[in-house]
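**Q** 3D, please:
(one chain, ligands or ions: 1)
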Amino acid sequence: MKILMVCLGNICRSPLAEGILKHYIKREKLDWFVDSAGTGAWHIGNPPDPRSIEVAKKHGIDISDQRARKIRSSDFEEFDVIFAMDSSNYNDLQRYALDDEEKEKIKFILNETKPNQNNSVPDPYWDDNGFEKVYQMLDIACKSFIEKHR
Ligand code: 4NP
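**A** Predicted coordinates:
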């Protein structure tokens, strides 16, 4: 299975989601591929936000090697599941998708925790205290996804 995590900048939320899911994939010895991307281009080539690196490190996960990139049209062919962190990412991704098959790959990551609610992971960029909460939300969602699909 190939899973893509998507947020706005690809420096705060989706790098954490990528790191957490990779962590569980390794633990379960699954042959899955995970990547992340942003809908915006401001941070292309940058490492994750230091606050995301820090909170991941606190939980034993190293995301410092990741580099931000922008979503591209080939992602909709390559990946099986494309997880949006929030409704704005979801709507942007829906506009990128070329047909219904591509659109069906786009899912709200928090629906893994609470199905059909279409809840958003809050953007922690402007909130130094938001990173641990975001980590916990993504951790639960990734665990649920792994439980269902491993
Ligand atoms: P992310 O957070 O989408 O979780 O990576 C953001 C990072 C940067 C910006 C906005 C959100 N920005 O405006 O630069």
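
**Q** what residues does stretch 95-105 touch?
**A** 71, 73, 76-77, 79-82, 94, 106 (CB atoms under 8 Å, 6 or more residues apart in numbering). No exception for glycine: its C-beta is placed from N, CA and C like everyone else's.

**Q** Got a quick PyMOL command for the buried subset of the residues you listed?
**A** Only the buried entries of the contacts of stretch 95-105 go into this PyMOL selection, using 16 or more other CB atoms under 10 Å:
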select buried, resi 71+76+79+81+82+106
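
**Q** Residue 47 and the ligand, how far apart?
**A** As judged by CB to the nearest ligand atom, to the nearest Å, residue 47 and the ligand stand 12 Å apart.

**Q** contacting residues around that residue?
**A** Each residue near residue 47 by CB under 8 Å, 6+ apart is listed here: 11, 53, 64-68.

**Q** re the thing from before, can you flag which of the contacts of stretch 95-105 belong to helices?
**A** Residues of these located in helices (DSSP state H): 76-77, 94.

**Q** For stretch 84-101, buried residues please.
**A** Neighbour-count burial for stretch 84-101 flags 84-86, 89-90, 92-93, 96-97 (criterion: 16+ other CB under 10 Å).

**Q** Residue 4: what secondary structure?
**A** With DSSP: H, G, I helix; E, B strand; the rest coil as the basis, residue 4 sits in strand.

**Q** Around the ligand, which positions in the protein sit nearby?
**A** Taking CB under 6 Å from any ligand atom as the contact definition, the chain meets the ligand at 7-13, 42, 123, 125.

**Q** Same list (those) but as TSV, adding neighbour count, secondary structure and pLDDT.
**A** Shown next, in TSV, are the residues of the chain next to the ligand (neighbours: other CB atoms under 10 Å; DSSP: H, G, I helix; E, B strand; the rest coil; pLDDT from 0 to 100):
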residue	neighbour count	secondary structure	pLDDT
7	29	strand	98
8	20	coil	98
9	22	coil	98
10	30	coil	98
11	26	coil	98
12	25	coil	98
13	34	helix	98
42	12	coil	97
123	18	coil	97
125	17	coil	95
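
**Q** Would you format the residues you listed as TSV with distance to residue 26 included?
**A** TSV is the format used below for these (distance: CB to CB, whole Å):
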residue	distance to residue 26
7	22
8	27
9	26
10	21
11	23
12	22
13	21
42	30
123	28
125	28
